[in-house]
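A.B. asks: Turn this into a model:
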Amino acid sequence: MASGKAAARVRRVKGATIRDVARRARVSHQTVSRVINGHESVTDETRERVLRAVRELEYVPSAVARSLSSQRTHTLGMVTTDVSDHFFAEAVAGAEAEARKRGYFMIIGSIEEGSEDDERTYLHLMLERRVEGLIVAVPRLRLAEDDPLADAVARIPTVLVASDIDLAGADHVDIDNRRGGHEATGYLVAQNHRLIGTITGPLDWPSARARLDGYRDALKDAGIAADRTLVEPCVDWGLESGRRAAERLLASAPKLSAIFAQSDLLALGAIATLRARGLRVPDDVSVVGFDDIPVSSVVDPPLTTVRQPMREVGELAARLIGDRAASSRKTKGSRHTLRAPLIIRGSVARLDGGRIR
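C.D. replies: Residues are numbered from 1 along each chain as shown. Coordinates of the predicted model:
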């Protein structure tokens, strides 16, 4: 007998609907809906009766049904390059934290290397799920004629992160990569280095091109002629690419005294090559990275680098969406650039042996 009642209760819990709650509380299903959605036009006694029925039946309101009735889903979408990458993982963490502060949940779509077609799939999915705002952090983003992103921008607040796509109506958030590249190279110049090589990321990334421009700007400001043989592009931002690029640099410029690597992993790969050749860092060759990943402060020597404030980038992207969602005004969208500061540690030495400046 007891087991029969338990089974009945399980069935009731699993299948409880808003009408079941209404019957238990002896009210209409419209009244249950008003209680669930926090309307004030319900007496305290009725509200308590409905809430008691909800608890007894373990009723879980349908998010889909509630969004249809309220025209709100309280969700934001974020499509990003592989979240296993520290750069994008930090941006996601920042966006999610800011979204929660504003009462939103995040749906995140991560695109792996070589699966760029997934971007369209995720965009379609998020629009179908009626997200109230969209963050797209895909640096290699390119628009097709029928791209769903243009549709998204026309319908909901949209922010593009680390992209050079010019899309009217969308906000853009990025770090100042050109200035970061200039400060990294300028710091090496200030330590009396003149033969400075650079290891770049993939040059189809806007950030890689901007950092390379910053490197060239700093050399020009110092009256140092640019030398193409001192620029080594890589197919990715990883350790192995940094190692191989350093080998190529040393082959073309054996008297190289400094390297600006466009990511910390590229820098660490370059340091591995330098040590394999019997060269000391920073005594023989100075190295500057870009990112400030956690390991950069604990390697030997600690890596001088440019810090990417990616958590702040994600926070700003979510904040822009929240502000636009709360406003009835249509805006054209704007660009927001965050500074990437130079973090001075122990991987750079003055070429003349003097004190670091």
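
A.B. asks: Would you mind writing the CA trace of the host helix or strand of residue 268 as PDB?
C.D. replies: When elements are assigned from DSSP states H and E, residue 268 belongs to helix 264-276. Coordinates of each C-alpha in helix 264-276 appear next as PDB, following Å, rounded to 0.1, in the frame of the first residue of the first chain:
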ATOM      1  CA  ASP A 264      53.500  33.900 -23.600                       C
ATOM      2  CA  LEU A 265      53.500  30.400 -25.000                       C
ATOM      3  CA  LEU A 266      55.400  31.500 -28.100                       C
ATOM      4  CA  ALA A 267      57.900  33.200 -25.700                       C
ATOM      5  CA  LEU A 268      58.300  30.100 -23.600                       C
ATOM      6  CA  GLY A 269      58.900  28.000 -26.800                       C
ATOM      7  CA  ALA A 270      61.500  30.600 -27.900                       C
ATOM      8  CA  ILE A 271      63.200  30.400 -24.500                       C
ATOM      9  CA  ALA A 272      63.400  26.600 -24.900                       C
ATOM     10  CA  THR A 273      65.200  27.000 -28.200                       C
ATOM     11  CA  LEU A 274      67.600  29.600 -26.800                       C
ATOM     12  CA  ARG A 275      68.600  27.300 -23.900                       C
ATOM     13  CA  ALA A 276      69.000  24.400 -26.300                       C
END
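
A.B. asks: what's it packed up against?
C.D. replies: Using 3 or more CB pairs under 8 Å, 6 or more residues apart in numbering; DSSP states H and E as the contact criterion, the elements in contact with helix 264-276 are strand 196-200, helix 239-252, strand 258-261, strand 286-288. From N, CA and C alone the C-beta is placed, and that goes for glycine too.

A.B. asks: pLDDT value on the residue nearest the centre of the chain, please?
C.D. replies: Residue closest to the average C-alpha location in the chain (CA atoms, centre = their mean): residue 91, at 2.9 Å. With respect to pLDDT, residue 91 scores 93.

A.B. asks: show me the contacts for residue 79.
C.D. replies: Contacts for residue 79 were tallied using CB atoms under 8 Å, 6 or more residues apart in numbering; they are 108, 109, 111, 119, 122, 123, 126, 134, 135, 136, 137, 138.

A.B. asks: Hmm, residue 127 and the second one touching each other?
C.D. replies: No: using CB atoms under 8 Å, residue 109 is not in contact with residue 127; the gap is 11.8 Å.

A.B. asks: before we move on, which element is residue 173 in?
C.D. replies: Secondary structure assignment for residue 173, by DSSP H and E: strand 171-175.

A.B. asks: Please pull up the helix or strand immediately following that strand.
C.D. replies: Under the assignment DSSP H and E, the closest C-terminal helix or strand after strand 171-175 is helix 177-190.

A.B. asks: which intervals of the stretch 201-350 of the chain have sub-threshold pLDDT?
C.D. replies: Low-confidence segments of the stretch 201-350 of the chain (pLDDT under 70): 328, 330.

A.B. asks: Please enumerate the strands of the stretch 1-150 of the chain.
C.D. replies: With DSSP state E, counting those that start in this stretch as the definition, the stretch 1-150 of the chain shows strands at residue ranges 75-81, 105-111, 134-137.

A.B. asks: re the thing from before, please list the residues outside the helix holding residue 268 that contact it.
C.D. replies: Applying CB under 8 Å, 6+ apart, the set of residues contacting helix 264-276 from outside is 199, 201, 234, 237-247, 249-250, 259, 261, 280-281, 284-285, 287-293, 295-296, 299, 303, 305, 347.

A.B. asks: Please point out which parts of that helix sit buried.
C.D. replies: Along helix 264-276, these residues count as buried under the neighbour rule (16 or more other CB atoms under 10 Å): 264, 265, 266, 267, 268, 269, 270, 271, 273, 274.

A.B. asks: how far away is the first one from residue 90?
C.D. replies: Okay, so that is residue 264. Applying CB to CB, to the nearest Å, one obtains 13 Å for the distance of residue 264 from residue 90.

A.B. asks: rewinding a little: listing partners with orientation, what would you give for the strand holding residue 173?
C.D. replies: Sheet pairing of strand 171-175 (DSSP bridges) gives strand 158-161 (parallel), strand 335-338 (parallel).

A.B. asks: Let me know whether residue 41 touches residue 34 as I believe.
C.D. replies: Yes: the pair formed by residue 41 and residue 34 meets the contact definition of CB under 8 Å, at 6.3 Å.

A.B. asks: neighbour-wise, which of these two wins?
C.D. replies: For residue 41 against residue 34, the residue with the higher neighbour count under other CB atoms under 10 Å is residue 34, and the figures read 18 against 7.

A.B. asks: The more buried one: what's its closest spatial neighbour, skipping adjacent residues?
C.D. replies: residue 42 (5.4 Å; CB to CB, 6 or more residues apart in numbering).

A.B. asks: thinking again about what came up before, now flag whichever of the contacts of residue 79 is closest to residue 320.
C.D. replies: Using CB to CB, residue 135 comes nearest to residue 320 of these, at 9.0 Å.

A.B. asks: can you count the residues close to that closest one?
C.D. replies: Using other CB under 10 Å, residue 135 is surrounded by 29 other residues.
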